[in-house]
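Undergrad: Got a predicted structure plus its sequence, pasted below:
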Amino acid sequence: MKLLLAEMHNRLQKIYEGGGKKAIAKQKEKGKLTARERINYLVDKDAAFIEIGAFAGFDMYEEHGGCPAGGTVAGIGYVSGRQCVIVANDQTVKAGAWFPITGKKNLRMQEMAMQNHLPVIYLVDSAGVYLPMQDEIFPDKEDFGRIFYNNAQMSAAGITQIAAVMGACVAGGAYLPIMSDETLMVEGAGSIYLAGPYLVKAAIGETVDAETLGGAVTHTEISGIADYKFKTELECLDAIKKIIDKLGSSKEAGFSRVTPIQPNYPAKELHNLLPEDSTKPYDMVQVIERLVDGSVFDQYKEDYGKTILCGYARIDGWAVGIVANQRKIVKSKKGEMQMGGVIYNDSADKAARFILACNQKKIPLVFLQDVTGFMVGSRSEQAGIIKDGAKMVNAVANSVVPKFTIIIGNSYGAGNYAMCGKAYNPRFIYAWPTARIAVMGGDQAANTLLQIQVASLKAKGQVISPEEEAKQLNEIKSRYEKQTSPYYAAARLWVDAIIDPADTRKVLSEGIKAANQNPDIPDFKTGVFQV
């Protein structure tokens, strides 16, 4: 785990450089702060800041020079004591231009704001859509234009949006600050216009400079589009703090919280609990005891469906229901040995019932994933594993209380769905460096694909040698293993972040606090499922 964490931190340090030292130097020459410096100045000191999507775009777009952090620095932090969503364009990465992953990341941040009723602060410094990839970012439902749709929806829902224009804000992107509640601009740096000086010249033959066209003076004194102008970025950021400081309080969901108690075991011990071999067993109860207050975990149906642990606990004072895959080899109620990490009929039934109970009691759900899937084979099929699995998936899909997912180890196949993977709308989803996300394990997938290839060749009258089979198996496995990496998942925003296991309790507590800001919990309905 220490090696994996060292690798993660080394990669993050590279990502924190954005577009590189030369690009940062150019930013400084213009008297501008970097995106990370802006956020560091804006957020309250000694308060938690949870960065989201740092690995967005990781190892992607190499033919375009890369897109570190998706060209945007974002997260959930505190400004004037108020928990906020913060999104800052990184001008050092392709002038802050939007790649496809940039749009996906910005939409994810807006989704977090809408789900949790958190104020949004946009720190704008972007050249707009990255034109060489415009067809992948511009026209679809979940592309660039959806940002402004969400602006309107959030405004209607009473979610505060503040935009500070600290650099370029051009073309379609110009709508974002103007569709926010208040717009601030930095003189001599910020500019807002639908078409820049070159395009204006080409389109209508007018010669005009950027400041006259869309600078801070133009928009605060002539057009009236912007609300405030400032000489420096720091003055602008200070003004944001004052605006947020005056926001009225809002209703809360009312999730139960008491005075927090530290676990009986240090969080650092989480580094030592997982075996290096992800197929080996370990006791998930020990993981839970290092996350929950006083290490108290009240198990539900402890002696039934033992490959899933369900129970009540508190995390940093917040009441939670925990659903976790047990990785020990255990005995079933019939005395049969059951493999850890596999969901059996009884464990699926138990988990579904527990999820229903948490919804009835308005208790947020925490899913700790280390699952290889549902049990297969004739005995399980005849016992109705599909029915019991569907029952659990139904309960997760229709759950109305906030859900939070931590992918600790394996996350394979339908087990990913049943344990609240990204498709099942968790408020926040994080991965440990040990996470693996795929339709099945690497060995199983490689052998399955190889068998299909060999059968296809035999049908054509061709035979391959054992040596060639072994070579093909290794090639398939290597390719597949790369795609199951947590970095592959984080690059595509299948998870919000890769975290140090020792930070799990903190990110869960901050997530529940965010979720508590939204009082609107729908009525719980389960729909139709077989019992």
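TA: Now that the structure is in, tell me what you want to look at. Computed from a predicted structure; not experimentally measured.
Undergrad: For this protein, list the residue farthest from the centre, please.
TA: Gly461 (48.7 Å; C-alpha atoms, centre = their mean).
Undergrad: Quick check: that one vs Asp443, distance?
TA: According to C-beta to C-beta, to the nearest Å, Gly461 and Asp443 sit 29 Å apart. Any C-beta I mention is one placed from the backbone N, CA and C, and that applies to glycine too.
Undergrad: which residues are contacting the lowest-mean-pLDDT helix or strand in the chain?
TA: Lowest by mean pLDDT, DSSP states H and E among the helices and strands of the chain is helix 442-459, with a mean of 76. Contact with helix 442-459 is made by 436, 438-440, 463-464, 469, 472-473, 476-477, 480-481, 484, as judged by C-beta atoms under 8 Å, 6 or more residues apart in numbering.
Undergrad: Out of those, show me where the pLDDT dips lowest.
TA: Among the contacts of helix 442-459, Met440 carries the weakest pLDDT, at 72.
Undergrad: Run through the residues that contact it.
TA: Counting by C-beta under 8 Å, 6+ apart, Met440 has contacts Gly373, Tyr412, Gly413, Thr448.
Undergrad: In a strand, it, correct?
TA: No. Under DSSP: H, G, I helix; E, B strand; the rest coil, Met440 sits outside any strand and is assigned coil.
Undergrad: Show the average pLDDT along the strand or helix carrying Ile288.
TA: Assigned by DSSP states H and E, Ile288 falls within helix 284-289. For helix 284-289, mean pLDDT rounds to 98.
Undergrad: And it, what's buried?
TA: Met284, Val287, Ile288, Glu289 (16 or more other C-beta atoms under 10 Å).
Undergrad: Quick one: those as JSON lines, columns for distance to Val507 too.
TA: Converted to JSON lines, the buried residues of helix 284-289 look like this (distance: C-beta to C-beta, whole Å):
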{"residue": "Met284", "distance to Val507": "18"}
{"residue": "Val287", "distance to Val507": "15"}
{"residue": "Ile288", "distance to Val507": "16"}
{"residue": "Glu289", "distance to Val507": "18"}
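Undergrad: Go through these and name the one nearest Ile385.
TA: Met284 (21.4 Å; C-beta to C-beta).
Undergrad: Can you name the residues that contact the closest one?
TA: Met284 makes contact with Leu309, Ala324, Asn325, Gln326, Arg327, Lys328, Leu368, Asp370 under the criterion C-beta under 8 Å, 6+ apart.
Undergrad: could you redo the last one with a cut-off of 10 Å?
TA: By C-beta atoms under 10 Å, 6 or more residues apart in numbering, the contact list for Met284 reads 273, 307-309, 322, 324-328, 340-341, 368, 370, 408-409.
Undergrad: picking up where we left off before, the helix or strand following the helix holding Ile288 pairs with which strands, and in what direction?
TA: Next in sequence after helix 284-289, counting helices and strands by DSSP H and E, comes strand 298-299. Using DSSP bridges, the strands paired with strand 298-299 are strand 308-315 (antiparallel).
Undergrad: Pull out the buried residues from stretch 330-348.
TA: Buried residues in stretch 330-348, counted by 16+ other C-beta under 10 Å: Val330, Ser332, Gln338, Gly340, Gly341, Val342, Ile343, Tyr344, Asn345, Asp346, Ser347, Ala348.
Undergrad: mind saving the C-alpha coords of it as PDB?
TA: Only the C-alpha atoms of stretch 330-348 are listed here, as PDB (Å, rounded to 0.1, in the frame of the first residue of the first chain):
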ATOM      1  CA  VAL A 330     -17.400 -18.100   5.600                       C
ATOM      2  CA  LYS A 331     -20.000 -20.800   6.300                       C
ATOM      3  CA  SER A 332     -23.500 -20.300   5.100                       C
ATOM      4  CA  LYS A 333     -26.600 -21.100   7.200                       C
ATOM      5  CA  LYS A 334     -26.600 -24.600   5.600                       C
ATOM      6  CA  GLY A 335     -22.900 -25.100   6.600                       C
ATOM      7  CA  GLU A 336     -21.600 -24.600   3.100                       C
ATOM      8  CA  MET A 337     -18.400 -22.800   2.600                       C
ATOM      9  CA  GLN A 338     -18.800 -19.500   0.700                       C
ATOM     10  CA  MET A 339     -16.100 -17.500  -1.000                       C
ATOM     11  CA  GLY A 340     -15.400 -14.000   0.200                       C
ATOM     12  CA  GLY A 341     -16.300 -11.100  -2.100                       C
ATOM     13  CA  VAL A 342     -19.000 -13.100  -3.900                       C
ATOM     14  CA  ILE A 343     -22.700 -12.100  -3.500                       C
ATOM     15  CA  TYR A 344     -24.900 -15.200  -2.800                       C
ATOM     16  CA  ASN A 345     -28.600 -15.500  -2.700                       C
ATOM     17  CA  ASP A 346     -28.900 -14.900   1.000                       C
ATOM     18  CA  SER A 347     -26.500 -12.000   1.100                       C
ATOM     19  CA  ALA A 348     -28.300 -10.200  -1.700                       C
END
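Undergrad: ok so, going back, in the contacts of Met440, which residue is surrounded by the most others?
TA: Counting neighbours by other C-beta atoms under 10 Å, the top entry in the contacts of Met440 is Tyr412, with 25 neighbours.
Undergrad: Next, that one: phi, psi?
TA: phi -110, psi 140 (degrees, to the nearest 10).
Undergrad: if we can go back for a sec, possible to save the contacts of helix 442-459 as CSV with distance to Leu33?
TA: Converted to CSV, those look like this (distance: C-beta to C-beta, whole Å):
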residue, distance to Leu33
Arg436, 38
Ala438, 40
Val439, 44
Met440, 46
Val463, 65
Ile464, 59
Glu469, 57
Gln472, 52
Leu473, 51
Ile476, 47
Lys477, 46
Tyr480, 42
Glu481, 40
Thr484, 38
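Undergrad: Any quick ChimeraX command for the buried ones out of the residues you listed?
TA: To isolate the buried members of the contacts of helix 442-459 in ChimeraX, using 16+ other C-beta under 10 Å:
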select :436,438,440,472,473,476,477,480,481,484
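Undergrad: and the two most separated of the contacts of helix 442-459?
TA: Pairwise over those, using C-beta to C-beta, the maximum falls at Arg436 and Val463, 33.6 Å.
Undergrad: Pull the number of nearby residues for the nearest residue to Gln262 once chain neighbours are set aside.
TA: What sits nearest to Gln262 in space, not counting adjacent residues and going by C-beta to C-beta, 6 or more residues apart in numbering, is Asp293, at 7.4 Å. Asp293: 22 surrounding residues under other C-beta under 10 Å.
Undergrad: Can you tell me how far Asp293 is from Phe404?
TA: According to C-beta to C-beta, Asp293 stands 16 Å off from Phe404.
Undergrad: again, but for Tyr61
TA: Counting by C-beta to C-beta, the gap from Tyr61 to Phe404 is 30 Å.
Undergrad: The two: which has the busier surroundings?
TA: Neighbour comparison, Tyr61 and Phe404: the larger count goes to Phe404, with 24 against 20 (by other C-beta under 10 Å).
Undergrad: Let's verify the more buried one: helix, strand, or coil?
TA: Phe404 ends up strand, using three-state DSSP.
Undergrad: who's it bridged to?
TA: Beta bridges link Phe404 to Val366, Phe428, judged by DSSP bridges.
Undergrad: I'd like the numbering to begin with 401 instead of 1 from here.
TA: Right, with 401 as the first residue, what we last looked at is Phe804.
Undergrad: So it is in contact with Ile912, correct?
TA: Yes. Under the criterion of C-beta atoms under 10 Å, Phe804 makes contact with Ile912 at 7.1 Å.
Undergrad: Where does the prediction get shaky in the stretch 801-931 of the chain?
TA: Where the stretch 801-931 of the chain drops to pLDDT under 70, the residues are 841-842, 929-931.
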